[in-house]
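Visitor: Have a look; sequence and predicted model below, questions after that.
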2 protein chains.
Amino acid sequence: MTTITDVARAAGVSPATVSRVFNGGRVTPERAARVRRAAAELGFEPNRVAQSLRKQRGSVIGLLIPDIENPFFTSLARGVEDAAQQTGLSVVLCNTDEDIDKERRYLGIALAEQMAGVIVAAASRTQTDLSPLAARGMPAVAVDRRPRGALVDAVLVDNQYGGEAATEHLLRARYRRIACVTGPEGASTSEERLAGYRSALRDALADGTLTPEDGDDPLTAYVRYADFKVGGGRAAMTDLLSMERPPDAVFVANNLMAVGALEVLREAGVTPPEFGVLSFGGVPWAGLVRPSLTTVELPSYELGFTAAKLLQERIAGSDKALQTVVLRTGLSVRDSTGGPERLPAPSPPG
Amino acid sequence: MTTITDVARAAGVSPATVSRVFNGGRVTPERAARVRRAAAELGFEPNRVAQSLRKQRGSVIGLLIPDIENPFFTSLARGVEDAAQQTGLSVVLCNTDEDIDKERRYLGIALAEQMAGVIVAAASRTQTDLSPLAARGMPAVAVDRRPRGALVDAVLVDNQYGGEAATEHLLRARYRRIACVTGPEGASTSEERLAGYRSALRDALADGTLTPEDGDDPLTAYVRYADFKVGGGRAAMTDLLSMERPPDAVFVANNLMAVGALEVLREAGVTPPEFGVLSFGGVPWAGLVRPSLTTVELPSYELGFTAAKLLQERIAGSDKALQTVVLRTGLSVRDSTGGPERLPAPSPPG
DNA sequence: GTTCTCTTTGAAATCGATTTCAGATCTGGG
DNA sequence: CCCAGATCTGAAATCGATTTCAAAGAGAAC
């Protein structure tokens, strides 16, 4: 491997000069040219490990995500990658598997490897602890989920608004017993989406669109907590269908659980849009799902891109006040929420 | 940050002794205990950057994959991660996007960061160049795709056998005009799967199962090359359907293209199993696709796991002869290849 | 008691870059 | 022609670990 010393020798200068050539120090043009030529001839590339050690900061940023198999996060990862590439940082992806210990381990690695910074989609709102990073001055940005009390920039989506819009849409489509399958208790995303759902129901109760049935609390009876995975969606949906008075629509608070819910519905012979289904977050290969699925669209790529930009500012030394950027969701209305009445079949094409 | 020197001072020993305690040198038990206690109290964690610099080798392995959004590769990545975790290595994921330049850049980073080794699913069989790694003694393992002439261990699937089995299955199901949508020319996986398809057709022609129609070469007429992505599958399928004498079944050489093909078929009102569809590699959320899809099952997780194990051996210094491990595929027969005749509908459950 | 061996220890070199500091060179002004 | 100030340059320190080497100490054999 050719080192800076080799280049220096070849160019007849000192290593310090070589370093200056590549890091923008003052060097006479003639010498600089000699150094560059020598470096090119020898195929010199600075050893990043040595650089990191000396500068006390690497050129890699860590991206901790809870589920690499969820396309939402892979898309987010691409956003981060694209933004990072623009400034020569590289991204390493760490899959925490929604597991607090794995997450802690990866945070430790980030510190030990002296990464330039980290972007974290926290495994838990209450347990994820970013303070060791802060203690060592490593910049961090929370994305998608905001861990409690962490003093970091955050890029989030407007979960409450999205949940509200989704539920309102179902109400407008004349569904009246709308269930909500949300994520784990304690995850900020779960709670906020659920809050949106409840807020929409409360409004509907207030203006008479929805009339309370006796017995259960209408804001709670149809709510189920699950785990943001396909299996959890299946279990929750099965449970809802077995109710004495089952729902006629469901708002599922994440894409994978929506897949699970759809599977269960299909197996039970219950099909949208008679039974309304609305997913928070796009489902992959949505084109294959019939009827097509109404979704709350999440700006996953932008989430990642924005987070990376923010992180870069911090790495560059910005000490602006902490920011929280909230990105808006959008509602893509498709066939699965057409309304509970059986509609006339569309005439076949051609 | 607490360094080895701090610990040494706290324990009243030299840094060398502290290092020995953690790296298995000979130290008297009493001292070792003192060192451990001091380290624990100070929360000492060795600085990996310094370690890497000194040892000339890091504790991170790079995994270069061409498409992070293909669940085949994310599953493979998990295999790598699980295997790596067992020996304290961490994995960083690099998405090359089937792009030779991005791939080259990441290989450069792997070298500059002194990674312990790399696992590569090559972006191109002909252009991917692993020789810089070899030149610097960095261990590498090829996975899924074998770059031409690279002197590295490889873990592959038996593509030809899988393609053959798939095509034979379609023939047995009495499809007679079987198309093949394969990947880019030049990718080893494309070529081998296509070769399997052709070999099965040749056998069928030889034993009379299949009779050549006049005009086109039966081994070529129904073959289309595409790009291993959804869009490519769509285009190829559209093209096939527009033929004067369209096929009655298709063997699609990767999962994403199968999704594209299914979309086109659905839009055209052509449905399996009258039109047979067989995908090489599982389709995500297969449960939502109706009719269910017959697939060649790929051991993606095992592929990654095995590759990581192999790499670890090399990192540990093994100089065994180069190995190529070939893992078998399996055929999961489902509804989409039930045969071209319209079958009586199954009686409803219950 | 002396010598020899074996274990344990710490001082110092090392990895490859960056950066400080002080000296050398150059410039322009007086 | 000399000097102040600006500009360049290289020697050496530094980052935090590992590892070599030599010395000190312990123990055994005679």
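Guide: Yes, it's here. Here the structure is a predicted model, which means the values were calculated and not measured.
Visitor: Compute the distance between the closest residue to chain B within the stretch 1-150 of chain A and A:Q127, please.
Guide: Across the stretch 1-150 of chain A, no residue is closer to chain B than A:V92, which sits at 3.5 Å (Cβ to the nearest Cβ). In short, each C-beta sits where N, CA and C put it, glycine included. Computed with Cβ to Cβ, to the nearest Å, the distance linking A:V92 and A:Q127 is 23 Å.
Visitor: A strand includes the residue of the stretch 1-150 of chain A closest to chain B, no?
Guide: Yes - counting by DSSP: H, G, I helix; E, B strand; the rest coil, A:V92 is found in a strand.
Visitor: who's in contact with it?
Guide: Neighbour list for A:V92: A:60-63, A:115, B:60, B:92-94 [criterion: Cβ atoms under 8 Å, 6 or more residues apart in numbering or on different chains].
Visitor: Mind giving me the packing neighbours of the helix or strand hosting A:C180?
Guide: Element membership for A:C180, per DSSP states H and E: strand A:178-182. Packed against strand A:178-182 by the contact rule (3 or more Cβ pairs under 8 Å, 6 or more residues apart in numbering or on different chains; DSSP states H and E) you find helix A:159-172, helix A:188-206, strand A:223-225, helix A:230-241, strand A:249-252.
Visitor: Can you tell me the strand partners of it and which way each runs?
Guide: strand A:223-225 (parallel), strand A:249-252 (parallel) (DSSP bridges).
Visitor: and for the longest one, what are the contacting residues?
Guide: So the one you mean is strand A:249-252. So strand A:249-252 is in contact with A:163, A:166-167, A:170, A:173, A:175, A:177-181, A:197, A:233, A:237, A:240, A:258, A:261, A:275-280, A:337, A:340, going by Cβ under 8 Å, 6+ apart.
Visitor: same question, stretch A:230-243
Guide: A:179, A:181, A:222, A:224-226, A:246-247, A:250, A:252, A:256-261, A:263-265, A:268, A:270, B:285.
Visitor: just the buried members of the residues you listed?
Guide: Those of these that meet the buried threshold are A:179, A:181, A:222, A:224-226, A:246-247, A:250, A:252, A:256-261, A:263-265, B:285, by 16 or more other Cβ atoms under 10 Å in any protein chain shown.
Visitor: Which parts of chain A belong to which domain?
Guide: Domain ranges of chain A: A:4-46, A:56-157+A:300-329, A:159-298+A:332-337, per automatic domain parsing.
Visitor: Compute the first-to-last residue distance for the last one.
Guide: For domain A:159-298+A:332-337, the first and last residues are 20 Å from each other (Cα to Cα, to the nearest Å).
Visitor: Likewise for stretch A:116-135?
Guide: Note: stretch A:116-135 ends 14 Å apart using Cα to Cα.
Visitor: need the residues of chain A near DNA strand C, please.
Guide: Contact residues, chain A versus DNA strand C (Cβ under 7 Å from any atom of the strand): A:1, A:3-5, A:15-16, A:18-20, A:22-23, A:25, A:44-47, A:50-51, A:53-55.
Visitor: where does the stretch 1-150 of chain A come near chain B, residue by residue?
Guide: Residues of the stretch 1-150 of chain A lying close to chain B by Cβ under 8 Å from any Cβ of the partner chain are A:1, A:45-50, A:52-53, A:58, A:60, A:68-69, A:71, A:74-75, A:77-78, A:81, A:90, A:92-95, A:106, A:108-109, A:111-114, A:136.
Visitor: filter the residues you listed down to the ones near DNA strand D?
Guide: A:50, A:53.
Visitor: Going by neighbour count, which of the residues of the stretch 1-150 of chain A next to chain B are buried?
Guide: For those, buried by 16+ other Cβ under 10 Å: A:46-50, A:52-53, A:58, A:60, A:68-69, A:71, A:74-75, A:77-78, A:81, A:90, A:92-95, A:106, A:109, A:111-114.
Visitor: separation between the closest residue to the residue of the stretch 1-150 of chain A closest to chain B other than its chain neighbours and DNA strand C?
Guide: In space, and not counting its chain neighbours, A:V92 is closest to B:V92: 3.5 Å by Cβ to Cβ, 6 or more residues apart in numbering or on different chains. According to Cβ to the nearest atom of the strand, to the nearest Å, B:V92 and DNA strand C sit 21 Å apart.
Visitor: Let me know the angle separating the strand holding A:C180 from helix A:230-241.
Guide: For strand A:178-182 against helix A:230-241, the angle by axes from the mean of the first three to the mean of the last three Cα atoms, to 10 degrees is 150 degrees.
Visitor: B:A268 versus the spatially most central residue of chain A, what's the distance?
Guide: Nearest residue to the geometric centre of chain A (Cα atoms, centre = their mean): A:D144, 4.5 Å. Counting by Cβ to Cβ, the gap from A:D144 to B:A268 is 39 Å.
Visitor: How about A:A123?
Guide: Taking Cβ to Cβ, one finds A:A123 at 44 Å from B:A268.
Visitor: circling back: now, of the residues of chain A next to DNA strand C, which are buried?
Guide: Buried positions within these, assessed by neighbour count (16+ other Cβ under 10 Å), are A:4, A:18-20, A:22, A:44, A:46-47, A:50-51, A:53.
Visitor: Tell me the one of those residues nearest B:L298?
Guide: Within those, proximity to B:L298 (Cβ to Cβ) peaks at A:N47, which comes in at 38.3 Å.
Visitor: That closest one contacts B:L111, correct?
Guide: No - A:N47 is beyond contact range of B:L111, at 9.2 Å (criterion: Cβ atoms under 8 Å).
Visitor: Am I right that A:F22 is in a strand?
Guide: No - counting by three-state DSSP, A:F22 falls outside a strand, being helix.
Visitor: got a list of what it touches?
Guide: A:39, A:46.
Visitor: Where does pLDDT dip in chain A?
Guide: The model of chain A has pLDDT under 70 over residues A:284, A:287, A:342-350.
Visitor: let's see it at 80
Guide: Low-confidence segments of chain A, defined by pLDDT under 80: A:69, A:88, A:149-150, A:186, A:213-216, A:283-291, A:341-350.
Visitor: Tell me which stretches of it form helices.
Guide: A:4-11, A:15-23, A:29-42, A:48-55, A:71-85, A:100-112, A:131-135, A:159-172, A:188-206, A:230-241, A:255-267, A:300-315 (DSSP state H).
Visitor: nearest to B:A33, of the ones you listed?
Guide: Nearest of these (Cβ to Cβ): helix A:100-112, 23.6 Å.
Visitor: Apart from its neighbours in sequence, what residue is nearest A:Q127?
Guide: A:I100 (5.1 Å).
Visitor: what sits against the one you found?
Guide: Contact analysis of A:I100 by Cβ under 8 Å, 6+ apart lists A:123-124, A:127-128.
Visitor: Kindly report the same for A:R176.
Guide: Counted by Cβ under 8 Å, 6+ apart, A:R176 has contacts A:210, A:248, A:340.
Visitor: Leaving out chain neighbours, which residue sits closest to the first one?
Guide: What it means is A:L210. Leaving out its chain neighbours, the residue that sits closest to A:L210 by Cβ to Cβ, 6+ apart is A:A204, at 3.9 Å.
Visitor: hang on, the one you found packs against A:T211?
Guide: No - if you go by Cβ under 8 Å, A:A204 and A:T211 don't touch, sitting 9.3 Å apart.
Visitor: Compare neighbour counts for the two and give me the winner.
Guide: Under the criterion of other Cβ atoms under 10 Å in any protein chain shown, the comparison of A:A204 against A:T211 puts A:A204 first, with 20 against 9.
Visitor: Distance of the more buried one relative to B:A50?
Guide: 62 Å.
Visitor: before we move on, what about A:A123?
Guide: Separation of A:A123 from B:A50 (Cβ to Cβ): 29 Å.
Visitor: Show the contacting residues for A:V325.
Guide: A:153-156, A:306, A:310.
Visitor: Need these in TSV (columns: neighbour count and distance to B:G215).
Guide: Compiled in TSV, the contacts of A:V325 are given as follows (neighbours: other Cβ atoms under 10 Å in any protein chain shown; distance: Cβ to Cβ, whole Å):
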residue	neighbour count	distance to B:G215
A:D153	24	66
A:A154	23	64
A:V155	29	59
A:L156	19	61
A:T306	21	57
A:L310	27	62
